[in-house]
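1. the following block contains a protein sequence and its predicted model.
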Amino acid sequence: MPKMMIPPFEAFEKPEFHIGGDPDLVWETSATWTSFNDTAEEIIAELHGLPIDEFRGTEGEYYSAQVKRN
């Protein structure tokens, strides 16, 4: 017997998006992830600023290739 087809995604959309639970906890979680993002961006900027030509050995070659690729 063939599998039933699922209706298109639009059939499941609601007119309003709602996140249940404690509103303060939702905002706190959002603030935590925003802070994480800001910190990650700072670290990325620092890593891109490293003098990769001074790295030696296979680890240095791998890191250099990754930085140059991105």
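-> Perfect, I can see it now.
2. what's the end-to-end length of stretch 12-22?
-> Taking CA to CA, to the nearest Å as the measure, stretch 12-22 stretches 24 Å from start to finish.
3. contact partners of it?
-> Here stretch 12-22 makes contact (CB atoms under 8 Å, 6 or more residues apart in numbering) with Val26. The C-beta positions use only the backbone N, C-alpha and C, and glycine is treated the same way.
4. what's next to the lowest-mean-pLDDT helix or strand in the chain, contact-wise?
-> None of the helices or strands of the chain scores lower by mean pLDDT, DSSP states H and E than helix 57-69, at a mean of 79. With contact meaning CB under 8 Å, 6+ apart, helix 57-69 is reached by Leu47, His48, Leu50, Ile52, Asp53, Glu54, Phe55.
5. contacting residues around the third one?
-> Shown in contact with Leu50 (CB under 8 Å, 6+ apart): Val67.
6. how close does Gly20 sit to Val26?
-> Between Gly20 and Val26 the computed distance is 9 Å (CB to CB, to the nearest Å).
7. distance of Ala11 relative to Thr29?
-> In terms of CB to CB, Ala11 sits 29 Å off from Thr29.
8. and these two? Which one has more around it.
-> More neighbours surround Thr29 than the other of Ala11 and Thr29, with 13 against 7 (other CB atoms under 10 Å).
9. how far does the least confident helix or strand of the chain sit from the chain's center?
-> 22 Å (CA atoms, centre = their mean, to the nearest Å).
10. stretch 26-34 too?
-> Stretch 26-34 sits 14 Å away from the centroid of its parent chain (CA atoms, centre = their mean).
11. quick one: mean pLDDT for that stretch?
-> What stretch 26-34 shows for mean pLDDT is 92.
12. and the longest helix for the protein?
-> In the chain, ranked by residue count with DSSP state H as the criterion, the top helix is helix 23-48.
13. just to revisit the earlier point, which one's more surrounded, Gly20 and Val26?
-> Applying other CB under 10 Å to Gly20 and Val26 shows that Val26 carries more neighbours, namely 12 against 6.
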